[in-house]
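**Q** Generate coordinates for the sequence data below:
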Amino acid sequence: MAPSKASSWDPIVALQSLHYLTLALVVPPLLSVFAEPGSLEYEGGAFNVGMLMDWREMAGRPTFRRLHGEERWSSFTGAWSGGRKVAEGPRYMGPDGRGDWMRGWVLAACWVLASTADVYYLYHLVRRPRLILDFTLTLLFNHLVLTTYYSAVIPTSLFFWAVMLGSSALTLLFAEQICVRREMTEGLVVATNNPDPGDVEMGALRRD
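**A** The predicted structure follows:
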């Protein structure tokens, strides 16, 4: 049954929560295995919420701040943990100012996996094919608002936008397809169980 307006729960909240829960389950272990350890620790570790909410992590851009008033390339002071320096600023920065590129690919793959799981969530929570587009776009829009608020900067990475739009298209395509297929199957079952009234009347005439 599709969610009704009178229900006490909001399907988009449930969908958004399940999406982030899926990311929270797959991102930390994959980052721990594939990402560069020093750079990952410098950015807060695999369990840092920024790995889910900060678009710059996926884009491979640095998220730490430089000291105010210092020259651009000499303003790194390093990262400290437990009284010891764990990383130098320039050590994990490429010539174009980017961080660990592998971390960005891992986060992109995790986002695609979560979008694939969204197909299952939409199938059971939304159900109606005509609502799939609305919920998919709302999920994307909400994340764009949250990541912009978290990072305090509007996403400007083409790679980030490509992952967002591509994964949303994937979710929309497959979720709509399986929901339409289910509606067609249920319609055939209902039509089989409800015979045509004309056939019933003809049967009654024959008995008379």
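**Q** what about the residue lying closest to Trp101 once chain neighbours are set aside, how many neighbours?
**A** Using C-beta to C-beta, 6 or more residues apart in numbering and skipping residues adjacent in sequence, the residue nearest Trp101 is Gly60, 5.0 Å away. C-beta here means a position set from N, CA and C on the backbone, and glycine is covered the same way. As a burial measure, the neighbour count of Gly60 was computed by other C-beta atoms under 10 Å and equals 23.
**Q** thought Gly60 was touching Ala108?
**A** No: distance between Gly60 and Ala108: 9.9 Å, which falls outside the contact criterion (C-beta atoms under 8 Å).
**Q** joint contacts of the two?
**A** With C-beta atoms under 8 Å, 6 or more residues apart in numbering applied, the overlap between the contact sets of Gly60 and Ala108 consists of Phe159.
**Q** what about the residue nearest to Trp101, distance to Gln16?
**A** Noted for Gly60: a distance of 25 Å to Gln16, by C-beta to C-beta, to the nearest Å.
**Q** With Ile178 instead?
**A** Here the criterion is C-beta to C-beta. By it, Ile178 lies 21 Å from Gln16.
**Q** One more: Arg182?
**A** Distance from Arg182 to Gln16, counting by C-beta to C-beta: 23 Å.
**Q** and the two? which has more neighbours close in?
**A** In this comparison of Arg182 against Gln16, neighbours counted by other C-beta under 10 Å, the higher total goes to Gln16 at 19 against 13.
**Q** Now the longest helix along the chain: buried residues?
**A** Ranked by number of residues, the top helix in the chain under DSSP state H is helix 158-193. Within helix 158-193, the residues that count as buried by 16 or more other C-beta atoms under 10 Å are 159-160, 163-164, 167-168, 170-172, 174-176, 179.
**Q** okay, among these, which ones form the most distant pair?
**A** With distance counted by C-beta to C-beta, no two of the buried residues of helix 158-193 lie farther apart than Phe159 and Cys179, which are 30.3 Å apart.
**Q** Where does pLDDT dip in the chain?
**A** Within the chain, the stretches with pLDDT under 70 are 1-7, 64-99, 187-208.
**Q** quick one, strands of it?
**A** All strands of the chain, identified by DSSP state E, fall at 79-81, 84-87.
**Q** quick one, what contacts the spatially closest residue to Leu144 that is not a sequence neighbour?
**A** Closest residue to Leu144 apart from its sequence neighbours, by C-beta to C-beta, 6+ apart: Pro155 at 6.9 Å. For Pro155, the residues meeting the contact criterion (C-beta under 8 Å, 6+ apart) are Trp55, Ala59, Leu144, Thr147, Thr148, Trp161.
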